[in-house]
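S.K.: need coordinates for the below:
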Amino acid sequence: MNLSPSRRGAIAVALSLLSALPLAHAQSAAAKWPQQAVRFIVPFPAGSAPDVLVRQVGAKLGDKWGQAVIVDNKPGGSGVIGMNSILSASADGYTFGFVQGSAISVAPSIIKGVNYDFNRDFVPVTLAAVAPFMLAVPANSPYKTLADFLAAARTKPQGLEVADNGRGTAPHLASALLGLQSGTQFLEVHYTGGAQAMQGTLGGQTQMMVETYNVVAGNVQGGRMRILASMGDRVEAGLEPFPLASKTVPGAVAHGWFAVIAKKGVDPLVLARLNKDMNEALLLPDVVAKSRELGTYPRPGTPEQLARYIADDRKVWQDVLDKLNIKPE
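M.R.: Residues are numbered from 1 along each chain as shown. You can find the predicted model right below:
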């Protein structure tokens, strides 16, 4: 069949329009998202700092979207239970994770049977907030600076006692990183939680503890503890009185951190909308103020920035795990 040039041109235009229909439909569906309740799986107990933060942000998002935002707490297993719950959910754009960094960067390397791989199974949406680890001593401690503490530790055969909330936990690894970067040995004392580590330090069984500011703030403000240094990568608003550990020990930087992630397969246009709306909510003045009360500091950004942050974080902690010879158990 011989078609005229005009007829061939009309057919080409028609085919082009037909091929664009699926994309247009997808864009239209994403533009209308969300059309039902959105769920955030949170691997923390209700009332914890990240739980309070995501609930406040969720309220802002719910107002913006005109849909309910549900916080589904799945604590336990160092975040693994929550990660598995996200993995088992549908990739329909209505279930996301608000998870701790250690569940991504550390748990797969120290817990046997972890069956998820972040790069294979999940996609980054945005870094939400960071919580720098603080180096806290009793108020009557003879050590006035981090340099004082390290110098004293080097005079002891096993170093000074440092409390954390369990072997392989983020505070333990932060303490280990400080020791490795400063060339100082510590006698690590592993408690079953932050409250127990606090009592051990206040009671004199340990000389220093490593925890985020929200855990030690009450005793610091009450005059029972002092902070020698913050392991943050910068001075956060409200933490100006505390010097950065990295000024004394280069490379002594460690945060707890929280991120929004999704199961792989969620519509990229939905992820872009969530990234935009989540980042805007995280920077609202009342959210920032509440976040600071909780000892967390908003750090919104792009998915690409979160991907790089995760890669760097995994490299740092895998190096520490290798040097400590911590294996999955």
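S.K.: all the helices of the stretch 151-300 of the chain, in order from the start?
M.R.: Per DSSP state H, counting those that start in this stretch, the stretch 151-300 of the chain carries helices over the ranges 170-182, 194-202, 213-221, 268-282, 285-293.
S.K.: Ala31 is nearest to which of those helices?
M.R.: helix 268-282 (7.9 Å; C-beta to C-beta). In this view, the C-beta of every residue, glycine as well, is placed from N, C-alpha and C.
S.K.: in that closest one, what's buried?
M.R.: Buried positions in helix 268-282, judged by neighbour count with 16 or more other C-beta atoms under 10 Å: 269-271, 273-275, 277-279, 281-282.
S.K.: ok so, going back, tell me the most buried of the helices of the stretch 151-300 of the chain?
M.R.: Of all the helices of the stretch 151-300 of the chain, helix 170-182 has the most neighbours on average by mean count of other C-beta atoms under 10 Å, namely a mean of 24.
S.K.: could the helices of the stretch 151-300 of the chain go into TSV alongside distance to Thr248?
M.R.: Listed next are the helices of the stretch 151-300 of the chain as TSV, based on distance: least, C-beta to C-beta, whole Å:
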stretch	distance to Thr248
helix 170-182	8
helix 194-202	20
helix 213-221	18
helix 268-282	31
helix 285-293	25
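S.K.: tell me which of those sits nearest to Val316.
M.R.: Using C-beta to C-beta as the measure, helix 170-182 is the one of the helices of the stretch 151-300 of the chain that comes nearest Val316, at 7.3 Å.
S.K.: average pLDDT across the closest one?
M.R.: Taken as a whole, helix 170-182 has an average pLDDT of 96.
S.K.: distance from it to the middle of the chain?
M.R.: Between the centre of helix 170-182 and the centre of its host chain there is 18 Å, according to C-alpha atoms, centre = their mean, to the nearest Å.
S.K.: endpoints of stretch 273-293, how far apart?
M.R.: 28 Å (C-alpha to C-alpha, to the nearest Å).
S.K.: and the contacts of it?
M.R.: 30, 33, 52-53, 56-57, 60-61, 64-65, 96, 125-126, 128-129, 236-238, 260, 262, 297-298, 300-303 (C-beta atoms under 8 Å, 6 or more residues apart in numbering).
S.K.: quick one: the top strand by length along the chain to helix 170-182, angle?
M.R.: Identified as the longest strand of the chain according to DSSP state E is strand 122-138. Angle of strand 122-138 versus helix 170-182, following axes from the mean of the first three to the mean of the last three C-alpha atoms, to 10 degrees, is 70 degrees.
S.K.: partner strands of strand 122-138 and their direction?
M.R.: Each strand paired with strand 122-138, and its direction, by DSSP bridges: strand 208-212 (antiparallel), strand 225-230 (antiparallel), strand 255-263 (antiparallel), strand 297-298 (antiparallel).
S.K.: quick check: angle from it to helix 285-293?
M.R.: Comparing the axes of strand 122-138 and helix 285-293 via the same axes, to 10 degrees yields an angle of 50 degrees.
S.K.: specify the stretch among the helices of the stretch 151-300 of the chain that is closest to Gln100.
M.R.: Taking C-beta to C-beta as the criterion, Gln100 comes closest to helix 170-182 out of those, the separation being 7.9 Å.
S.K.: what angle separates that closest one from helix 194-202?
M.R.: Between helix 170-182 and helix 194-202, the angle comes out at 50 degrees (the same axes, to 10 degrees).
S.K.: what is helix 170-182 packed up against?
M.R.: Under the contact definition 3 or more C-beta pairs under 8 Å, 6 or more residues apart in numbering; DSSP states H and E, helix 170-182 sits against strand 122-138, strand 161-164, strand 187-190, strand 208-212, helix 303-324.
S.K.: ok, and what's touching the third one?
M.R.: Defining contact as C-beta under 8 Å, 6+ apart, one finds that strand 187-190 is touched by 156, 158-167, 172, 175-176, 197, 200, 205-206.
S.K.: what subset of the residues you listed is buried?
M.R.: 159-166, 172, 175-176, 197, 200, 206.
S.K.: quick check: Ile41 is in a strand.
M.R.: Yes: following the definition DSSP: H, G, I helix; E, B strand; the rest coil, Ile41 is counted among the residues of a strand.
S.K.: correct me, but it touches Ser88?
M.R.: No: distance between Ile41 and Ser88: 9.8 Å, which falls outside the contact criterion (C-beta atoms under 8 Å).
S.K.: ok, those two, which is more surrounded?
M.R.: The neighbour count for Ile41 versus Ser88, taken as other C-beta atoms under 10 Å, is higher for Ile41 (25 against 10).
S.K.: returning to that earlier point: tell me the two of the buried residues of helix 268-282 that are most distant?
M.R.: Leu269 and Leu282 (20.6 Å).
S.K.: apart from its neighbours in sequence, what residue is nearest Gly179?
M.R.: Once flanking residues are discounted, Gly179 sits nearest to Phe186: 5.1 Å by C-beta to C-beta, 6 or more residues apart in numbering.
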